[in-house]
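Enquirer: generate coordinates for the sequence data below:
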Amino acid sequence: MAIIRMKSKYTVKPAEPTWNGILPLSELDQISVITHSSVLYFYDKPIKEEWLNPSNNKIMKTLKESLSHALVPFYPLAGRLSFKGEGRFELECNAMGAELVEVESTMKLADFGDFYSCTKKLRELLVPMSYYTKPIQDLPVLAVQITRFRCGGLSLGMSMSHVVADGRSAFHFIKEWGRLALGKPLEEAPFLDRRILRAEAHQRTVVDQSERMNYFSQLRLGEDKWGKQVSPTFVVLTKDMIMRLKEVANSISNREIVKDHLRRPYSRFEVVAAHVWRCVCKARELKSEDMSTLMVAVAAHDRMEPPLPSSFFGNAVVDAEISSSVGELISRPLSYACSIVREAIQKVTNEYILASIEFLKKQKNLTKYQYIDDRGIMEGPAYGDHNITVVSWLNLSSHGVDFGWGKEIHMGPPIVQTCDGDIHLSPYKNDGSLIVGVCLQPNEKFVKYITSPIV
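Expert: Okay, the predicted model is just below:
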């Protein structure tokens, strides 16, 4: 059994005075996941002796100093959230600081194998966020744990409140933190004014989305049929498998839809999401007449008019819902599933996004649009037995973070436990392959279907 020992713990505050006050949150900040989301970076033993000298502990000194400087432009991460009631939150920028913890483990990097078959071990590499026992205002928005392994390798586990930032923003921060640790200047300061996401800030006609959002609400509520918590299974889709999927989906004989906006070849995400959706329906042994819905998280940045600044810091993701009968989904060619995935995503326009925000703004209580309430009680999205959600990290700048001792040997989301129906896509080994994290009760059947030859 591995032994974990805390070596040091720090509250890291901004290196310079920062703006104090209440930073307005957008409606998109206060839906979906409202607890901390995490990511892990693993590093080999540093080659240079200067990083290994215990007398000066250069690793922690470098991380503390660079984090302190990173918290100046990214000062919301040094603040604290508070619960206003009715599912809404407030972010106070008060420079209370981030948490930085150093621990030692008797484990070695080799004990983690491929890093995907030992998800329960990953929990120990993250600062625990106790939503059950602490009010949210007592929790740091950002918490980082450095774990030193017996082999000399390291892991950096970063946990950040999803209310404050989405994945794109989180990786922007960690990239800039790494640059500062290397003594480089900030490349791109974060754009912090979230008022840009208010519907009234855009002189556009806002279409009525109440019917769609009401459906979305019922899909999540599911009459209290909350998703069951299950451990994930990870499946690698090699570059060759993905190329075969694209070949099948884009073949002339299988292109059933020939509308002008569908003529370009289906993308990697479109074919993988469609393939995963079909495999889930098969694994669940759903009936032909059953309806299934796929929810896809879509970045709003480049879909707004004008586009959001590239360095926008906050949450800018909306869901697209795609529904089909199971019979049509499975009996028709893969191109059919790809086409309806694309069509739904293309409907996420500027008007669609603003209408969604406006609808949420008018809601008295946002709790039903949240995965976890303020006390950390796992209720999860109500996917029921027919529906799934897909979140993709495929286009996020998440790899290649160097704090001075080299780039990571592995980066991945430490999915420890989540809800039945959650699917996560992320790059694998930077060779064109990807890893599919699947939280599904009939896991064995799913693995069989997704790895079967594509015809």
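
Enquirer: for the closest residue to residue 167 other than its chain neighbours, phi and psi?
Expert: Excluding the flanking residues, the one nearest residue 167 by C-beta to C-beta, 6 or more residues apart in numbering is residue 396, at 5.5 Å. Any C-beta I mention is one placed from the backbone N, CA and C, and that applies to glycine too. With angles defined as degrees, to the nearest 10, residue 396 shows backbone torsions of phi -90, psi 140.

Enquirer: which strands and helices sit next to whichever strand or helix holds residue 281?
Expert: Under the criterion of DSSP states H and E, residue 281 resides in helix 268-283. Here helix 268-283 is seen to pack against helix 239-250, strand 291-299, helix 326-331, helix 334-346, strand 388-392, strand 422-428, strand 433-438, helix 443-450 when contacts are counted using 3 or more C-beta pairs under 8 Å, 6 or more residues apart in numbering; DSSP states H and E.

Enquirer: just the residues contacting that helix, thanks.
Expert: By C-beta atoms under 8 Å, 6 or more residues apart in numbering, the residues outside helix 268-283 that reach it are 237, 242, 245-246, 249, 266, 292, 294, 296, 326, 329-330, 334, 337-338, 341-342, 345, 386, 388, 390, 392, 394-395, 421, 423, 425, 434, 436, 438, 440, 442-443, 445-446, 448-450, 454.

Enquirer: how far does it sit from its chain's centre?
Expert: 19 Å (C-alpha atoms, centre = their mean, to the nearest Å).

Enquirer: next, the angle helix 334-346 makes with it.
Expert: 120 degrees (axes from the mean of the first three to the mean of the last three C-alpha atoms, to 10 degrees).

Enquirer: just want the most central residue of the protein.
Expert: The residue lying closest to the centre of the chain (C-alpha atoms, centre = their mean) is residue 167, at 4.9 Å.

Enquirer: check the gap between that one and residue 413 for me.
Expert: Look at residue 167 and residue 413: by C-beta to C-beta, to the nearest Å, they are 9 Å apart.

Enquirer: repeat that for residue 232.
Expert: Distance from residue 232 to residue 413, by C-beta to C-beta: 9 Å.

Enquirer: neighbours around residue 20, how many?
Expert: 12 (other C-beta atoms under 10 Å).

Enquirer: and it, backbone torsions?
Expert: Here the main-chain torsion angles of residue 20 (degrees, to the nearest 10) amount to phi -110, psi 140.

Enquirer: surely it meets residue 80?
Expert: No - taking C-beta atoms under 8 Å as the definition, residue 20 is not a contact partner of residue 80, at 11.6 Å.

Enquirer: any idea of the pLDDT on residue 95?
Expert: In this model, residue 95 is scored at 98, pLDDT.

Enquirer: quick one: it and residue 18 touch, right?
Expert: Yes - checked against C-beta under 8 Å, the pair residue 95 and residue 18 is within contact range at 5.5 Å.

Enquirer: which residues are common contacts for the two?
Expert: Between them, residue 95 and residue 18 share the contacting residues 71, 75, 78, judged by C-beta under 8 Å, 6+ apart.

Enquirer: what sits against residue 79?
Expert: 23, 91-96, 141.

Enquirer: just the buried members of those residues?
Expert: 23, 91-93, 95, 141 (16 or more other C-beta atoms under 10 Å).

Enquirer: relative to residue 453, how far out is residue 333?
Expert: Counting by C-beta to C-beta, the gap from residue 333 to residue 453 is 15 Å.

Enquirer: which one's more surrounded, these two?
Expert: residue 333 (15 against 6).

Enquirer: give me the nearest residue to residue 190, chain neighbours excluded.
Expert: What sits nearest to residue 190 in space, not counting adjacent residues and going by C-beta to C-beta, 6+ apart, is residue 313, at 3.7 Å.

Enquirer: in terms of contact, does the one you found touch residue 75 like I think?
Expert: No - if you go by C-beta under 8 Å, residue 313 and residue 75 don't touch, sitting 10.3 Å apart.

Enquirer: please parse this structure into its domains.
Expert: The chain resolves into domains spanning 4-197, 225-450 when parsed by automatic domain parsing.

Enquirer: going by mean pLDDT, which of these comes out lowest?
Expert: Among the domains of the chain, domain 225-450 carries the lowest mean pLDDT, a mean of 86.
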